[in-house]
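Peer 1: A structural model of the following input is requested.
(one chain, ligands or ions: 1)
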Amino acid sequence: MPAESSKLLDGKRLALQIQEELTTQIQTLQAEIGRPPGLAVLMVGDNPASAAYVRNKERACERVGIASFGHHFPTEVTFDEVKQTIHNLNANPEVDGILVQLPLPPHLDATALLYEIDPDKDVDGLHPLNLGRLVRGEPGLRSCTPAGVMRLLAAYDVELQGKHAVVIGRSILVGKPVSLMLLAANATVTMAHSRTPDLAAVTRTADILVTAVGQPGLITAEMVKPGAVVIDVGINRKEVEGKACLVGDVDFASVQPHSSLITPVPGGVGPMTVSLLLGNTVWSYKQRRKASYNS
Ligand code: NAD
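Peer 2: You can find the predicted model right below:
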C-alpha cells in the first residue's frame, strides 16, 4: 500500500462528534426525566497522571451536561471508607455511573472494590457480571477503551467479518475484552502477549492489528502486513528532544506508510475512551429510566 493512501483514524474528531450527540440526547432526556445523568469518579492519592485523567473526565462531563459526583480520597484512606462511599453512590438515585480511577495504592484491593460497585452503574464495564455478559454476548456495560476501538473501526467502515485480527496484550482492561468484541464481530482473533515467542510472525498475518502493551517502539514496519489497519492503544510517556510527550506502542513514522489506516497517539484511542465513558453513563441513565417505568 503506497504511503499516501495511509489514513489516520481520527479518534479526537470522532470523540467530539460523539460528545455533541450525547449533549443533544441529554438535553431531550433531562426534560423528561427531571435530572441530568450523574457520574462519580473516585480517585485515591495524588498520582499526577490519574489526576489529569480524572480532570479530563470531569471536564468532558461538564461539556455534555453530566453531573459529577467525584470523591478524591487521601492516599491513606481505608478500604472500608472507599467501600462505604461506593455503597452510598450505589444507593444514590442521581448517580448512574461509578468509576474507580486506577491504579490504587497497594493497600487497597482494586478487584475487591470493583465487586462493590452496582453492576448496573459499572460504567467502566469491569465488574465480573459485565465481563460475563460480554463473554455471553448479552447486552451490558462494556469497557470504554475496547468499546472505543470498536466504534472507531465502525466509523471508518473497517470490515471485520472474516478478517484476521491480532491483539497484543491480554489484560482485563483492554486485551481480553477487545479480543472478545472482535470475535463477536466475526473476525478470526489471535491473542499475543509477553510469552508469545515470535511476535513478528504473528503480527505479520494481521489484517487488523491492535496493540495494548505499553512499550514504545514495539511495533515496527517489518512486523506489519502491507495495508493492515493498525490500532495503537498504548500510551507511553517519553522524552523527545528534551520535551515530555506521549507515544504509543507503534513506531508511527515507519509503520504509517505500511498501513491502510492507523491511529495516532495522542488523538486516536485515548479520546474515544472518555467519550465512551460518557456514552456508558447515558446508557445507564436510560436503562434506569426504563426500569422505573416498569416498576
Ligand atoms: P497491562 O500492563 O495490564 O498489560 C500489558 C500486556 O502487554 C500484558 O498482557 C502483557 O502480556 C503484554 N506484553 C508485555 N510485554 C510484551 C511484549 N514484549 N510483547 C507482547 N506483549 C507484551 O496494560 P493495559 O492496562 O492493558 O494497558 C496497555 C497499554 O494501553 C498501556 O500503555 C496503557 O497506558 C494503555 N491504555 C490506554 C488506554 C487509552 O485510553 N488509550 C486505556 C487503557 C490502557
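Peer 1: identify the residue nearest Cys245 in space, chain neighbours excluded?
Peer 2: What sits nearest to Cys245 in space, not counting adjacent residues and going by CB to CB, 6 or more residues apart in numbering, is Lys238, at 6.1 Å. C-beta: built from backbone N, CA, C; applies to glycine.
Peer 1: right, and that neighbour touches Pro216 too?
Peer 2: Yes. Applying CB atoms under 8 Å, one finds Lys238 in contact with Pro216, separated by 5.5 Å.
Peer 1: neighbour-wise, which of the two wins?
Peer 2: Between Lys238 and Pro216, Pro216 has the larger neighbour count (other CB atoms under 10 Å), namely 18 against 11.
Peer 1: so what's the residue count around the nearest residue to the more buried one once chain neighbours are set aside?
Peer 2: Using CB to CB, 6+ apart and skipping the chain neighbours, the partner closest in space to Pro216 is Asn236 (4.4 Å). Residues contacting Asn236 under the criterion other CB under 10 Å number 16.
Peer 1: is Asn236 in a bridge, and if so with what?
Peer 2: Using DSSP bridges, the bridge partners assigned to Asn236 are Val247.
Peer 1: which stretches of the stretch 51-200 of the chain form strands?
Peer 2: Counting by DSSP state E, counting those that start in this stretch, the stretch 51-200 of the chain has these strands, from start to end: 67-68, 71-73, 97-100, 164-168, 188-192.
Peer 1: dump those strands to a markdown table, plus mean pLDDT and mean neighbour count.
Peer 2: A markdown table is the format used below for the strands of the stretch 51-200 of the chain (pLDDT from 0 to 100; neighbours: other CB atoms under 10 Å):
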| stretch | mean pLDDT | mean neighbour count |
| --- | --- | --- |
| strand 67-68 | 98 | 16 |
| strand 71-73 | 96 | 16 |
| strand 97-100 | 97 | 26 |
| strand 164-168 | 99 | 26 |
| strand 188-192 | 98 | 19 |
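Peer 1: so which bits of whichever strand or helix holds Cys245 are buried?
Peer 2: Secondary-structure element containing Cys245, defined by DSSP states H and E: strand 243-247. Residues of strand 243-247 classed as buried under the neighbour-count rule (16 or more other CB atoms under 10 Å) are Val247.
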